[in-house]
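>>> Provided below for reference: sequence and predicted model.
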Amino acid sequence: MTLFFAAFLMVNTQTPAAVRKPSKVEAIKDRSNFLREPVASELLLDTTHFTEDAIQILKFHGSYQQDNRDNRVKGQEKDYQFMLRTRSPGGFIPPELYLTLDRLSDEYGNHTLRATTRQGFQLHGVLKKNLKATIAAIVRSMGSTLGACGDINRNVMAPAAPFRNRPEYEYAREYANNIADLLAPQSGAYYEIWLDGEKAISAEEAPAVAAARQRNGNGTISHEPEEPIYGKHYMPRKFKICVTVPGDNSVDLYSQDVSLVVITTPDGELEGFNVFAGGGLGRTHNKEETFPRIADPIGYVDKADVYDLVKAIVATQRDYGDRTDRRHARMKYLLEDWGVERFCDKVASYFGKPIQPFKPLPEFEYLDFLGWHEQGDGKLFLGISIHNGRIQDSEALQLKTALREIVQTFNLPMLLTPSQDVIVYDIQPAQKTQVQQILTRCGVKGEDAIDPLVRYSMACPALPTCGLATAESERAIPGILDRIRALLNTVGLEQEHFIIRMTGCPNGCARPYLAELAFVGNGPDTYQIWLGAAPNQTRLAQVYLEKLHISDLETAFEPIFVYFKEARTPGERFGDFCDRVGLASIHQYVANYQSSEVSAAGSETVPANGNVSPDQGTATSKIRRRVTIQEDIYARLQAAAVREGKPVSSLANAAIESYLHSLNQANSNPD
């Protein structure tokens with residue numbers, strides 16, 4: 001047992017050392033020689049895939065091994081391929097990098113690019129034999145994949161709007177980049193493996209960042225010179241940071257391990273940062289000990305101390321995060337177990353002084369910056385909607401061609417947004433007409449021509465390549481949105497829209513638990529339904545249904561939308577309505593919806609002409625057949641409807657259908 005594991009067992013648990021052993025991944029990191037092995041050795045083998053140990057270390061280099069489940073054939077090897085993810089702080093993509101990614105997607109990938117919810121690009125479909133050439137090309141084009149995945153600080157997010165006349169936005173971009181540099185892995189493994197030791201030319205690191213990395217403070221530095229902040233074992237799990245400005249929650253700041261909010265003086269000078277900590281969304285179905293959590297405000301830090309405070313928070317999670325159970329390893333569980341006060345005390349002990357009080361902030365808004373905007377320096381930027389982040393060409397929409405032509409023609413940089421869209425910026429006013437002509441010719445719609453349900457939706461890739469997905473997401477959501485729009489139109493909510501997010505599993509890659517309505521994969525064609533997050537992503541949604549087969553979408557949501565239409569307050573958003581009335585009230589309304597279709601004995605029934613007043617809970621006029629049942633049976637049926645979250649009529653129809661089917665079976669087998 002290494003000294004690390006012995007020390008870990010002594011200080012990181014209150015249960016016997018023999019019971020709480022570090023997870024298998026901790027042992028893999030321990031043997032990796034700072035992220036080198038077994039990736040370096042296995043890359044030389046003439047195989048289509050890596051071993052399980054290598055897969056874990058490969059993540060730190062920015063790649064996931066996957067297989068295309070659509071191509072699985074029994075008795076044959078899986079269709080192994082690799083996803084590569086860029087490290088792009090604040091979403092910055094220089095023109096040469098974009099053109100390289102575009103080329104690589106055709107040369108080695110599946111002919112598409114995908115903008116992620118953390119402001120990076122993903123390449124899908126890369127084969128093992130092409131992995132080294134692909135990563136090398138990215139690095140030589142001012143890009144990187146290092147630290148985009150793995151137990152490490154992931155891509156640091158910031159609002160993508162490139163305002164030049166709003167200094168707070170420039171500070172957010174600057175510090176997102178600096179913190180990404182501060183917490184980048186220092187091991188030489190990445191360049192040794194993928195570029196044969198060649199260190200690519202990159203932007204020079206800020207001197208303050210380099211100094212902060214080596215400053216020990218009160219134990220923030222490890223005893224491993226190759227990785228002064230992380231040490232040999234890096235973080236217990238992935239770690240996520242964002243930097244934003246007051247009022248701008250385009251980054252979903254409450255979902256991050258650490259969020260910094262820029263605080264400026266009245267004349268626009270940077271003063272410091274408000275700090276949030278302990279957010280995180282990943283969870284596991286049927287494991288109640290796993291849950292999404294929104295970050296807590298923990299205080300304020302002066303700009304001169306911000307790197308030291310970030311290091312203190314990282315050190316707290318590094319040394320006290322759970323390394324035994326990876327489901328319990330995110331920093332959100334440390335805050336939940338300890339409480340904010342104890343967590344802040346421990347951070348302060350690393351920081352060397354108390355954390356200052358949190359400063360007042362305005363209410364946050366969810367922004368996406370689509371359309372044409374002035375940057376504030378005489379130039380323009382353009383936000384382009386990318387549905388689910390997938391950049392590709394089809395017969396109706398040549399989005400990939402359009403972006404390539406714009407970047408090639410005008411040598412424009414871009415910023416990826418946290419909502420999977422693209423901002424092209426530094427556009428001269430004289431270029432606007434030509435840029436717009438390219439987009440129009442290629443079928444790219446402006447923001448006003450996009451249904452808001454589509455504009456504000458997100459979905460993860462899920463099937464066929466994600467190994468964790470149990471249901472469709474990206475491929476399913478267009479049809480789901482069409483059905484929801486049709487249903488809203490049917491019940492008289494033609495102008496209504498809300499934030500919808502879909503994932504193929506409960507890990508939360510598209511941040512579903514901060515959506516007003518979320519579909520979370522829970523089996524083939526089946527989803528857990530979440531309702532009631534705040535429209536500005538400052539409040540979590542709650543579980544409404546454990547399982548909904550997607551064929552039952554209209555049955556499940558029609559009564560909810562009718563209830564929303566009837567009982568909302570003026571201007572109330574759907575998520576706020578669900579939170580205000582509560583899920584129990586929604587379940588009760590759904591259970592009673594069209595309940596006169598199967599009425600209790602002695603109660604009023606619907607006339608045969610189907611004319612029903614709105615307060616009877618019917619959205620459409622249909623012919624009703626009078627069926628009278630006993631009062632006690634109706635009460636049991638209604639209680640079951642509340643539990644299942646379905647209308648009484650739906651359960652009654654199912655029960656009658658089951659009975660008639662059994663009767664037919666009995667009649668066909670008289671013996």
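That came through, no problem.
>>> what stretches of this protein score poorly on pLDDT?
By pLDDT under 70, the low-scoring segments of the chain are 1-19, 200-203, 595-628, 631, 642, 645, 669-671.
>>> longest helix anywhere in it?
The single longest helix within the chain, with elements called by DSSP state H, is helix 648-668.
>>> tell me which residues of that one are tucked away?
648-652 (16 or more other Cβ atoms under 10 Å). The way it works is simple: take the backbone N, C-alpha and C, and place the C-beta from them, glycine included.
>>> Show me where the stretch 301-450 of the chain has its helices.
Taking DSSP state H, counting those that start in this stretch, the helices of the stretch 301-450 of the chain run over residues 306-320, 331-338, 340-351, 399-410, 432-441.
>>> What of the stretch 151-300 of the chain?
167-182, 189-194, 207-214.
>>> Which residues does the shortest one contact?
By Cβ atoms under 8 Å, 6 or more residues apart in numbering, the list of residues contacting helix 189-194 from outside reads 33-36, 39-40, 43, 61, 132, 135-136, 139, 146, 197-200.
>>> neighbours around Asp46, how many?
6 (other Cβ atoms under 10 Å).
>>> related to what we said a few turns ago, now distance to Thr290 and mean neighbour count too, for the helices of the stretch 151-300 of the chain, in CSV please.
Below are these laid out as CSV (distance: least, Cβ to Cβ, whole Å; neighbours: other Cβ atoms under 10 Å):
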stretch, distance to Thr290, mean neighbour count
helix 167-182, 27, 22
helix 189-194, 31, 21
helix 207-214, 33, 14
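>>> Quick one: closest of those to Leu583.
helix 167-182 (35.9 Å; Cβ to Cβ).
>>> For the closest one, which outside residues touch it?
In contact with helix 167-182 (Cβ under 8 Å, 6+ apart) are residues 87, 89-90, 92, 153, 155-159, 161-164, 205-206, 208-209, 212-213, 229, 241-246, 260, 262, 264, 268-270, 273, 306-307, 310-311.
>>> Distance check, Lys303 against Ala312.
16 Å (Cβ to Cβ, to the nearest Å).
>>> do the same with Glu107
Taking Cβ to Cβ, one finds Glu107 at 44 Å from Ala312.
>>> just Gly280 next, same as before
Taking Cβ to Cβ, one finds Gly280 at 19 Å from Ala312.
>>> which of these two has more neighbours?
A count of neighbours by other Cβ under 10 Å puts Gly280 above the other of Gly280 and Ala312, at 27 against 24.
>>> so the more buried one makes contact with Phe291?
No. Taking Cβ atoms under 8 Å as the definition, Gly280 is not a contact partner of Phe291, at 9.2 Å.
>>> Buried ones in stretch 246-256, by neighbour count?
Residues of stretch 246-256 classed as buried by neighbour count (16+ other Cβ under 10 Å): 246, 248-256.
>>> and the closest residue to His328 other than its chain neighbours, what does it touch?
Closest residue in space to His328, ignoring its immediate chain neighbours: Asp322 at 4.5 Å, by Cβ to Cβ, 6 or more residues apart in numbering. By Cβ under 8 Å, 6+ apart, Asp322 lies in contact with 12, 236, 328-329, 333-334.
>>> Likewise for Gln81?
By Cβ under 8 Å, 6+ apart, the residues touching Gln81 are 66-68, 124-127, 465.
>>> what's the helix or strand for it?
strand 80-85 (DSSP states H and E).
>>> what's in contact with the helix or strand that that strand is followed by?
Per DSSP H and E, strand 80-85 leads on to strand 92-93 as the next helix or strand towards the C-terminus. The contact list for strand 92-93 (Cβ under 8 Å, 6+ apart) reads 86, 101, 121, 143, 173, 177, 413-416.
>>> which among the contacts of helix 167-182 end up buried?
Among the contacts of helix 167-182, the ones that count as buried by 16+ other Cβ under 10 Å are 87, 89-90, 92, 153, 155-159, 161-164, 206, 209, 212-213, 229, 241-246, 260, 262, 264, 270, 273, 306-307, 310-311.
>>> hmm, back to that, which of the contacts of strand 92-93 fall in strands?
Assigned to strands by DSSP state E, the following of the contacts of strand 92-93 qualify: 121, 414-416.
>>> what's the most distant pair in those residues?
Phe121 and Leu415 (11.7 Å).
>>> Compare these two and say which is more crowded by neighbours.
Set Phe121 next to Leu415 and count neighbours by other Cβ under 10 Å: Phe121 wins out with 28 against 24.
>>> Quick check: beta-bridge partners of that one?
Residues in a beta bridge with Phe121, per DSSP bridges, are Ala115.
>>> what's it in contact with, if anything?
Contacts of Phe121 by Cβ under 8 Å, 6+ apart are 85-86, 88, 93, 101, 113-115, 416.
>>> same thing but 6 Å
86, 101, 113 (Cβ atoms under 6 Å, 6 or more residues apart in numbering).
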